[in-house]
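*Asks:* need a structure here:
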Amino acid sequence: FDSLLHFYQSDDVQLQDFNEALEQHLNTYSKNSKPYVVAADPSLVEKFNSPEVHLGFTGSNVGFYAPQGRVLRLPLRDENMKDRLAQFSFEGK
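*Replies:* All right, here's what the predicted structure looks like:
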């Protein structure tokens with residue numbers, strides 16, 4: 001959610017079908033950065049492979065308050081984004 005990868009020529013490393021499904025599921029506000037998904041390096045995943053580790057996804061976002069669902073003075077544009085993100089599934093993942 002941080003938009004950093006969009007500054008690079010990164011189309012080949014992004015999982016485009018996954019990106020589109022995530023964006024549609026979240027119904028992302030048009031002025032927000034577009035989320036992107038890349039696969040983890042298989043050799044790194046193997047190093048963490050154990051019964052104690054739950055394989056899944058890591059999401060990061062810019063900012064500390066609203067992107068994490070915290071409210072200061074202005075109301076959140078999307079109060080339910082974290083819930084919709086938790087409900088997201090793509091090709092069994």
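*Asks:* What helix or strand is residue 46 located in?
*Replies:* For residue 46, the element it lies in under DSSP states H and E is helix 42-48.
*Asks:* Which positions in the next helix-or-strand element following that helix come out as buried?
*Replies:* On the C-terminal side of helix 42-48, the nearest following helix or strand under DSSP H and E is helix 81-87. Taking 16 or more other C-beta atoms under 10 Å as the neighbour-count basis, helix 81-87 is seen to contain the buried residues residue 81. Heads up, the C-betas are built off the backbone N, CA and C, glycines and all.
*Asks:* Would you mind pulling the contact partners of helix 81-87?
*Replies:* Here helix 81-87 makes contact (C-beta atoms under 8 Å, 6 or more residues apart in numbering) with 25-27, 59, 69.
*Asks:* how does it look with 10 Å?
*Replies:* Surrounding helix 81-87, the residues in contact under the criterion C-beta atoms under 10 Å, 6 or more residues apart in numbering are 1, 22, 25-29, 32, 35, 57, 59, 61, 66-69, 78, 80.
*Asks:* so what does the helix of greatest length in the chain touch, helix or strand wise?
*Replies:* Taking residue count as the measure and DSSP state H as the definition, the longest helix of the chain comes out as helix 16-26. Counting contacts by 3 or more C-beta pairs under 10 Å, 6 or more residues apart in numbering; DSSP states H and E, helix 16-26 is packed against helix 81-87.
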